[in-house]
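Visitor: sequence below, structure please.
(2 chains)
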Amino acid sequence: MKARTARWIAPTMIILFIVSLMPFFIALNYSFRDISYTSSRSQGQWVGLDNYRKALSDPEFLHSLGITFKFLIPAVLFELILGFTMAMLFAKSNFKGIRKLIPILIIPTIIAPVVIGLIGRLSLNSEFGVIGVYLRKFGIIESSILGSVKLAMPAIILIDIWQWTPFVTVILLAGFLSFPKEPFEAAAMDGANPWQTFKHITMPFIAPLLAIVTLLRSIEAFKIFDKVWIMTQGGPGSSTQTSNIYAYRLNFMHWKLGYGAAIVILLYIVSFFALRCIFSIFK
Amino acid sequence: MAMVVKKIKTINKVLIIAAILTFMLVMFVPYFWMILSSFKTRVDLLSTTPKWIFKPTLENFPKVFIEREFLKYFVNSLVISISSLMISLVIGVPCAYAISRFNFQAKGHFFFYILSTRMAPPVAFALPMYILFSKFGILGTHLAVILAHTTITLSFIIWIMKGFFDDIPIELEQAAMTDGYTIFGAFKNVILPIVKPGIVATSLFSFIFSWNEFLFALVLGGSFSRTLPAAFPGLVTPHGTFWAQLSAAGTVVTLPVIILAFILQKHLVRGLSFGAVKQ
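Guide: Purely as a prediction, here's the structure:
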C-alpha cells in the first residue's frame, strides 16, 4: 500500500481496530475458554471447542434461533407485501405533493426503537391502550396481550410491521417514481393486460430494489433487541426470547462470558453470510 | 361505454386515495397517541375508555426531566451523538475519498469489513467492548459510548460519502492538479465544497443513529453517561410503570428526529437504504 493512501485511511483503521477488530478477537478468545463471573471454578481455562459444541446442542439457544425466525419471516414478509402494495398505490395516485408526505409517513421507522416498544405497550395494553381496550371489548382478547404466551409474539410482529412498512414503502416508491415511461406506453399500445404489464415490465424493474430491501430488512430483523427488551424482555417464559435477547441474558445477567462469547460468535457468523449476499448486490 | 370507463377510473382513484389516507392514519395514530399520553394526568391516561379529549397537563415533563434527571440524560445524548459524529466525520470523509479515488490492495475486503461493523448484531460487540473498556478503565464514561457509537456512524459515513465522491467526475481533480493543487488541496478546495450538501445530510443521519441507539448505551454507559434511550427501562419499576413520564420522555426524544426528517426530505431514501438507492 502506498504511503499516500495510508495517510488517508490510517485514522479509520486505528478506530476500527479499537472498536471492532480487538473486540472481535477478545470474543473469539473467550469463546474457547471456561469463564464466568458468577462461578469461582470458571477462571478462564482453555476448553477448545466445548462452548461451541454445547451451544449447538443447547435447547434454549436453538429455541431462541427458532423464535428469531418465527419473528423474522412473517414480519419481513408482511412488510414487503404491504409496503409494495402501498408504494404502487402511492405511485398510481399521481398525487404531486407525494414527496411532502414522506417525512410524516417515515416517523415509525426513524424514531428510536425504544420508543417504538413504548408505543407498542401503550397502545396494546388491555386496560387502557387505544388498541388493546377495543380488542378486549370485542372479545378478541381476554386479558393482557404481551403477558400471553400465545399473543406476545404476534404483537411484537405487528409492532415491527408498523415500524418498518413505511421504510419499504418509501424505498420502493422511489423505485416506482424513477421508472421510465416508454416501456409502459409500449405495453399499453400492444394491448397488454394489467397482469402482463406487471409481470413483464414492473417486476423486472423493481426486482433489484426488492432484493436490497429484503436483505436490509432481514439483517435488521435478525438483530432485533431494543423493541423486545422494552415490550416483553423475552417473556412470558421464553416465548419472545430471540437469540439476541438470549445472548444478552447469558452475558449481562448470568455473566457466563465464555459460553456467551461462543453464542455471540455464532450469531456474528450468521449475519456475516447474510452480509456477503447484500455486498454482492450493492456492488 | 366511455362513460363507464371514466366512472370506473374515478372510483378507482377514490379507492386509492382512501387506502392511502387509511395507511397514513394507521402509521401516525399510535405515535400521536403517545404524544397525547404525555399531556395526560395519571387518571386520564389509565382511563378504561381511551380519552381523545381531555384537559391537558404539563406536569409530566418537569417530573421526568427535573426530578428524574432526564435533562442530564438529554445532555448526555447530545454530547455523545455529536462527539461520535464529529470523530466519524473527520476520519471517515477522507477515508471514503481514498476508497472512491485510489487503488490499493484488498480495497474490496476493507470496504466490506467497514460495512460489517454496522450490520453485525450489536450484542456481538457489546460483550467484548465491555471487557475491553473495563481493561482501559473507561467503562461507564461518555468516551466508552462514543467509541461504541462510531461503529455505527463511521461505517455509515464512509459508505454514503463514497457514493457521493463516486458521482463526481475525476477530471475535476485532474484539472485542479494541473492548476498546481496537491491532492489534498484539490480535495479540500474543489471536492469538499461540491459534496457539502451530501456531508450535511450524512451527518444528520449519523446523528439520528447514535441518538436512537440503545444497547451500547445501556451496557457501556454508567449513571454519569446514560443516554435518553438507555434511561427508559428505569421508568419501568417493580412498583409500577410510569406511563405518563415515559410518554413525556418519548415525545422529547423523538422530536429532534422528526424535525431532522423534514430537513432531510430529499436524502431520506439514500440514507435509509444505506446508499443503495440514489435519488
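Visitor: and residue 221, its phi and psi?
Guide: I'll assume chain A. Backbone torsions of A:Ala221, given as degrees, to the nearest 10, read phi -70, psi -30.
Visitor: actually chain B
Guide: Torsion angles, degrees, to the nearest 10, at B:Gly221: phi -90, psi 160.
Visitor: bridged to it, which residues?
Guide: Beta-bridge partners of B:Gly221, counted by DSSP bridges, are B:Gly140.
Visitor: which residues of the chain score low on pLDDT?
Guide: The chain I'm using is chain A. Residues of chain A meeting the criterion pLDDT under 70: A:1, A:42, A:282-283.
Visitor: actually chain B
Guide: B:1, B:279.
Visitor: quick one: neighbours of the nearest residue to A:Thr214 once chain neighbours are set aside, just the number.
Guide: Distance criterion CB to CB, 6 or more residues apart in numbering or on different chains; nearest residue to A:Thr214, sequence neighbours excluded, is A:Leu80 at 6.4 Å. (C-beta placed from N, C-alpha, C; glycine too.) Here the count is done by other CB atoms under 10 Å in any protein chain shown, and A:Leu80 has 18 residues near it.
Visitor: so A:Leu80 is in which element?
Guide: In this assignment (DSSP states H and E), A:Leu80 forms part of helix A:59-93.
Visitor: and that helix, which residues are buried?
Guide: By neighbour count with 16 or more other CB atoms under 10 Å in any protein chain shown, helix A:59-93 contains the buried residues A:61, A:64, A:67-68, A:70-72, A:74-76, A:78-80, A:82-91.
Visitor: residue ranges of the strands in the stretch 151-279 of chain B, please?
Guide: Under the criterion DSSP state E, counting those that start in this stretch, the stretch 151-279 of chain B contains strands at B:236-237, B:240-241.
Visitor: could I get those in JSON lines, plus columns for mean neighbour count?
Guide: Listed next are the strands of the stretch 151-279 of chain B as JSON lines, based on neighbours: other CB atoms under 10 Å in any protein chain shown:
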{"stretch": "strand B:236-237", "mean neighbour count": "12"}
{"stretch": "strand B:240-241", "mean neighbour count": "11"}
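Visitor: any chance of the ones you listed in CSV, plus distance to chain A?
Guide: Output for the strands of the stretch 151-279 of chain B, formatted as CSV (distance: least, CB to the nearest CB, whole Å):
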stretch, distance to chain A
strand B:236-237, 8
strand B:240-241, 8
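Visitor: enumerate every residue touching the residue in the stretch 151-279 of chain B positioned nearest to chain A.
Guide: Minimum separation of the stretch 151-279 of chain B from chain A (CB to the nearest CB) falls at B:Asn212, amounting to 3.8 Å. Contact partners of B:Asn212, counting by CB atoms under 8 Å, 6 or more residues apart in numbering or on different chains, are A:111-114, B:229, B:257.
Visitor: of those residues, which is the most crowded?
Guide: Most neighbours among the contacts of B:Asn212, by other CB under 10 Å: A:Val114, with 29 neighbours.
Visitor: check which helix or strand that one maps to.
Guide: According to DSSP H and E, A:Val114 maps onto helix A:113-124.
Visitor: hang on, A:Ser148 packs against A:Thr240?
Guide: No - contact criterion CB atoms under 8 Å: A:Ser148 and A:Thr240 do not qualify, at 10.7 Å.
Visitor: who has more neighbours, the two?
Guide: A:Thr240 (25 against 17).
Visitor: so what's the more buried one up against?
Guide: Each residue near A:Thr240 by CB under 8 Å, 6+ apart is listed here: A:67, A:71, A:152-153, A:156, A:228, A:231-232, A:234.
Visitor: can you give me phi and psi for it?
Guide: Per-residue torsions, A:Thr240: phi -120, psi 20 (degrees, to the nearest 10).
Visitor: likewise A:Pro236?
Guide: Torsion angles, degrees, to the nearest 10, at A:Pro236: phi -70, psi 150.
Visitor: give me the number of residues near the closest residue in space to B:Ser223 that isn't next to it in sequence?
Guide: Of all residues not flanking B:Ser223 in the chain, B:Gly140 sits nearest, at 7.6 Å (CB to CB, 6+ apart). Counted with other CB under 10 Å, the neighbours of B:Gly140 add up to 17.
Visitor: what of B:Leu71?
Guide: When neighbours are counted by other CB under 10 Å, B:Leu71 comes out with 16.
Visitor: cool, B:Gly185 as well?
Guide: By other CB under 10 Å, neighbour count at B:Gly185 equals 14.
Visitor: contacting residues for it?
Guide: Applying CB under 8 Å, 6+ apart, we find B:Gly185 in contact with B:Ala176.
Visitor: for it, give its distance to A:Leu49.
Guide: From B:Gly185 across to A:Leu49, the span is 54 Å (CB to CB, to the nearest Å).
Visitor: OK, contacts around the residue nearest to the spatial centre of chain B?
Guide: Geometric centre of chain B, nearest residue: B:Ile208, 2.1 Å, by CA atoms, centre = their mean. By CB under 8 Å, 6+ apart, the contact list for B:Ile208 reads A:110, B:257, B:260.
Visitor: can you count the residues close to the first one?
Guide: This points to A:Ile110. 23.
Visitor: hang on, isn't it packed against B:Leu255?
Guide: No - the criterion here is CB under 8 Å, and A:Ile110 misses it with B:Leu255 at 12.0 Å.
Visitor: mind giving me the packing neighbours of the helix or strand where A:Ile9 lies?
Guide: If you go by DSSP H and E, A:Ile9 is part of helix A:3-16. Packing contacts for helix A:3-16, counted by 3 or more CB pairs under 8 Å, 6 or more residues apart in numbering or on different chains; DSSP states H and E, involve helix B:70-101, helix B:107-119, helix B:142-166.
Visitor: hey, C-alpha coordinates of it in PDB?
Guide: C-alpha atoms of helix A:3-16 as PDB (Å, rounded to 0.1, in the frame of the first residue of the first chain):
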ATOM      1  CA  ALA A   3       2.200   5.800   1.800                       C
ATOM      2  CA  ARG A   4      -0.200   8.300   0.300                       C
ATOM      3  CA  THR A   5      -3.200   6.000   0.600                       C
ATOM      4  CA  ALA A   6      -2.200   5.100   4.100                       C
ATOM      5  CA  ARG A   7      -2.400   8.700   5.300                       C
ATOM      6  CA  TRP A   8      -6.000   8.900   4.200                       C
ATOM      7  CA  ILE A   9      -7.300   5.700   5.700                       C
ATOM      8  CA  ALA A  10      -5.000   5.200   8.700                       C
ATOM      9  CA  PRO A  11      -7.200   7.100  11.300                       C
ATOM     10  CA  THR A  12     -10.200   4.900  10.300                       C
ATOM     11  CA  MET A  13      -8.100   1.800  10.600                       C
ATOM     12  CA  ILE A  14      -7.000   2.700  14.100                       C
ATOM     13  CA  ILE A  15     -10.500   3.400  15.300                       C
ATOM     14  CA  LEU A  16     -11.900   0.200  13.700                       C
END
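Visitor: ranges for the strands of chain A?
Guide: Using DSSP state E, the strands of chain A run over A:33-35, A:43-46.
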